[in-house]
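Peer 1: the sequence isn't on hand, but the structure is:
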């Protein structure tokens, strides 16, 4: 796939914006419906563009079904648990704080890689990154100020980040070597997640989302169509034009976007220590960023790609 650098750069920037606004949309949605219902709608409406893209690129193949067990694991780690924990966490926190905590994803990806990926050692650089990130999370959580920040919300956000981080390492070890095109892998992942969510989600009151047009458009278009579905295609374009390592740094943008939108649109207070915390987390993500020969994201739900140095046809 030939992509101009201008198109890839535009996709990169828009991707950071789309991911950053997702915390705003989750906050609006969970005011009306449950986090599980929000996640279900996100996945269902996100599946549509991915399925169309996979069909257009002829990514589906029957032989993929023999690896269904790996796809089920990825649907849990990189979609169901990740999205549900983030929705539940955002419902309990300021959207800006939730977005800033999402910046810990690369740190959990590093920890998971150290455990699951053979030959992945802890270097001084990675150790410094983990220390910086831990300090940033602590500043956001402020455990020394009882009741200042909802502890359960923080734990939920970190659980979601850990789930997605683990999915990167799992994909690197078990999914990427299979050679399944990323469009297909992401499609299976979303479809399996949608099926599981339908089975466990209490549908009572889900229609309340229609009472607020802004929230409805936010969850259907913002979270689903753009933040989940179109994000896959945008990431694919960014990888094709900029390379996987450069494209992966798009994950550094959403925390800052979320904090800015929380202040501008939701009227949330931005504390000085919150800005310092965000800077520490982003610096940690930069320090622990993989080099050109190692890309941690593998198949990342809809927020990424199954690519190493270039896409195969994320999430």
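Peer 2: Happy to help now that I have it. On a predicted model such as this, the values are computed, not experimentally measured, just so you know.

Peer 1: buried set for stretch 169-189?
Peer 2: 169-176, 178, 180-189 (16 or more other Cβ atoms under 10 Å). Quick note: C-beta positions are derived from backbone N, CA and C, even for glycine.

Peer 1: next: stretch 47-61.
Peer 2: Neighbour counts over stretch 47-61 (16+ other Cβ under 10 Å) mark 47, 49-51, 53-54, 57, 59 as buried.

Peer 1: now do that stretch, average pLDDT.
Peer 2: Averaged across stretch 47-61, pLDDT comes to 94.

Peer 1: centre of the chain versus it, how much separation?
Peer 2: What separates the centre of stretch 47-61 from the centre of its chain is 20 Å, taken as Cα atoms, centre = their mean, to the nearest Å.

Peer 1: before we move on, back to that, the buried residues of stretch 169-189 in strands, which ones?
Peer 2: Judged by DSSP state E, strands contain none of these.

Peer 1: take those residues and keep only those in helices.
Peer 2: 169-170, 182-189 (DSSP state H).

Peer 1: for those residues, which one is nearest residue 265?
Peer 2: Comparing these against residue 265 with Cβ to Cβ places residue 186 closest, at 29.5 Å.

Peer 1: that closest one reaches residue 232, doesn't it?
Peer 2: Yes: if you go by Cβ atoms under 8 Å, residue 186 and residue 232 touch, sitting 5.6 Å apart.

Peer 1: excluding chain neighbours, what is closest to residue 49?
Peer 2: residue 229 (3.3 Å; Cβ to Cβ, 6 or more residues apart in numbering).

Peer 1: tell me the secondary structure of that neighbour, please.
Peer 2: Taking DSSP: H, G, I helix; E, B strand; the rest coil as the rule, one finds residue 229 in the helix state.

Peer 1: and if you look at the one 3 residues further on?
Peer 2: Of the three states, residue 232 takes helix according to three-state DSSP.

Peer 1: run a quick neighbour tally on it.
Peer 2: When neighbours are defined as other Cβ atoms under 10 Å, residue 232 has 28 of them.
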